[in-house]
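Peer 1: need the 3D shape of this:
(one chain, ligands or ions: 2)
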Amino acid sequence: MKIKKFVGRSFQEAFEQMKQELGPDAIILHSKKVKNSGGLDFLSGKPMYEITAGIDTPPAPARETAPLRGIAEEMAVPRARANGRRATRGNGTYRAPEPPMPSAEPVTAPEQAPENVIRAWELERQKMLSQLTQLTEIKDEITDIKKVVTQVADFLKYSRMPALPETFKVLLKQLVDNDVNEDLAKAIVQTVYSHTNAKDYKKADVVRRNLLNLIQRMVKVGRPLEQISRVPYVVALVGPTGVGKTTTIAKIAANLKLFYNRKVALVSADTYRIAAIEQLQTFANIANIPMSVAYSPQEIREAVLKYRERDIILIDTVGRSQKHDQHLRELNKFVEAANPDEVHLVLSLTSSFRTMLDVVKRFQLLRPNRLIFSKLDEASQTGNIINVLYKHPLPVSYLTTGQTVPNDIVTADKGLLANLIVKGDFAA
Ligand SMILES: Nc1nc2c(ncn2[C@@H]2O[C@H](COP(=O)(O)OP(=O)(O)OP(=O)(O)O)[C@@H](O)[C@H]2O)c(=O)[nH]1
Ligand SMILES: [Mg+2]
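Peer 2: Numbering: from 1, shown residues only. Ligands and ions are numbered 1, 2, ... in the order given. All right, here's what the predicted structure looks like:
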């Protein structure tokens, strides 16, 4: 048997070469995709297809009884039989062989198979090889198509703003990637564009600074509690379950006491869970901060009165689902009784935008006048901050960044918020 390799840009091309050189009787022994090793097509970086094919040459008589080794020999044996010689083994009954899977593994040829079956078997094998190669080609094409579709989608997304220079489009994409609502992001970038000098359009740093400045003007921050001199100043934290209210109260209290030497008192109005009281009490004992538990609105009033000599009274409340109106109304009675100066609504940045909006809407009942964004460390994107603030422009008081008391809290600052919204992290 004469064996030869053919390489083409497609399976078809290699196959044609094979037919031309070895003729119609040639059989494919193996085919595979190979790396492009140069040549005319090297610029495309596309793979090449290699076919190893064979054609019968008149066999030597010894071949008939030789052990079957490589695939070329296997294919040669039935052909030899077809050339008029009889098989020496087998009982004369013939079972049609399963068409082999195309692979480089040696395949045993059927014993005593008639010529037409052998041919059919070879044809089947060739067909499968060709199908396999075509499937690989299709898979590659699908990958390419996916890439192009993404590019087209990106293009369409921003094509309604064809006038925007590239520097602005880059920022627009960054905002959208950080989950800033697309329409809002476009409006922001358009505004930056209209406020940027034409000579600066291509200066990425200038455009970015203008964007950060605009966002800083869009957000509000609360006056840090340590700077408030009116005493006692009463602050309540409210929000859905598990967003970090109690942990945040402990962080605020510890920071006010340790770093600003303020006289703090704690009131736990979370009588729903015994563990919640213990949680805050343990902290209060360690930090040596006075704490009271209020089981009714009346007891909250009394607690606030009791601590009237302290600078800041922090009230922890029970976590309530925004979907449960009755629970929210009960909670409101506690909060109203404390007559707080500030009500901070805690929103977890791990929730979806729609959930956050729903929470802010339902918690309006408690008249929050500050927002705390918690669990920044767990959020993959932070664009929801501006999405929420755009709809509910409340001052932000704190951001929390982990479970550790007292470290994992940051007092809100406009520059920091702008960086978070644009880039997803604090760094300038
Ligand atoms: N990763 C992370 N976890 C936090 C953060 N703040 C609080 N947690 C964790 O969130 C969980 C709930 O915290 P809590 O402070 O008990 O939340 P809560 O809002 O008081 O919960 P309820 O009183 O049950 O409504 C705890 O495991 C905290 O350690 C934060 O900023 N980042
Ligand atoms: Mg709690």
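Peer 1: make it CA atoms for all contacts and neighbour counts henceforth
Peer 2: OK.
Peer 1: what residues does the stretch 251-400 of the chain put near ligand 1?
Peer 2: Contacts of the stretch 251-400 of the chain with ligand 1, taken as C-alpha under 6 Å from any ligand atom, map to 318-319, 374-375, 377-378, 400.
Peer 1: so who does Lys186 touch?
Peer 2: When contacts are counted by C-alpha atoms under 8 Å, 6 or more residues apart in numbering, Lys186 touches Leu172.
Peer 1: what segments of this protein are strands?
Peer 2: Listed in chain order, the strands of the chain (DSSP state E) span 2-8, 27-34, 48-55, 233-238, 264-269, 291-293, 312-317, 342-348, 370-374, 396-400, 409-411.
Peer 1: quick one: which of these is nearest Val221?
Peer 2: Comparing the strands of the chain against Val221 with C-alpha to C-alpha, the closest turns out to be strand 396-400 (4.6 Å).
Peer 1: show me where pLDDT drops low in the stretch 301-428 of the chain?
Peer 2: 427-428 (pLDDT under 70).
Peer 1: tell me where it has helices.
Peer 2: Using DSSP state H, counting those that start in this stretch, the helices of the stretch 301-428 of the chain run over residues 325-338, 353-362, 384-391, 414-423.
Peer 1: contacts only, for the closest residue to Val231 other than its chain neighbours.
Peer 2: Closest residue to Val231 apart from its sequence neighbours, by C-alpha to C-alpha, 6 or more residues apart in numbering: Asp311 at 4.9 Å. If a contact means C-alpha under 8 Å, 6+ apart, then Asp311 has 229-233, 262-264 as its contacts.
Peer 1: what subset of those is buried?
Peer 2: Buried members of those, counted by 16 or more other C-alpha atoms under 10 Å: 232-233, 262-264.
Peer 1: dump the residue contacts of the residue nearest to the spatial centre of the chain.
Peer 2: Closest residue to the average C-alpha location of the chain: Ser380 at 7.6 Å, with C-alpha atoms, centre = their mean. By C-alpha under 8 Å, 6+ apart, Ser380 lies in contact with Thr350.
Peer 1: rerun at 10 Å
Peer 2: Applying C-alpha atoms under 10 Å, 6 or more residues apart in numbering, we find Ser380 in contact with 178-179, 349-350, 424.
Peer 1: in this structure Leu416 contacts Gln216, no?
Peer 2: Yes. Using C-alpha atoms under 10 Å, Leu416 is in contact with Gln216, at 8.7 Å.
Peer 1: what's the closest of the buried ones among the contacts of Asp311 to ligand 1?
Peer 2: Comparing the buried ones among the contacts of Asp311 against ligand 1 with C-alpha to the nearest ligand atom places Val264 closest, at 18.3 Å.
Peer 1: contacting residues around that closest one?
Peer 2: Val264 sits in contact with 232-233, 252-254, 256-257, 288-291, 307, 309-314, where contact means C-alpha under 10 Å, 6+ apart.
Peer 1: buried ones only from those, please, as a PyMOL command.
Peer 2: In PyMOL, a selection of the buried entries from the contacts of Val264 looks like this (16+ other C-alpha under 10 Å):
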select buried, resi 232+233+252+253+254+256+257+289+290+291+307+310+311+312+313+314
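Peer 1: how is this protein carved up into domains?
Peer 2: 2-88+98-144, 160-218, 230-423 (automatic domain parsing).
Peer 1: can you lay out the ones you listed as JSON lines showing distance to Pro224?
Peer 2: JSON lines is the format used below for the domains of the chain (distance: least, C-alpha to C-alpha, whole Å):
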{"stretch": "domain 2-88+98-144", "distance to Pro224": "53"}
{"stretch": "domain 160-218", "distance to Pro224": "17"}
{"stretch": "domain 230-423", "distance to Pro224": "7"}
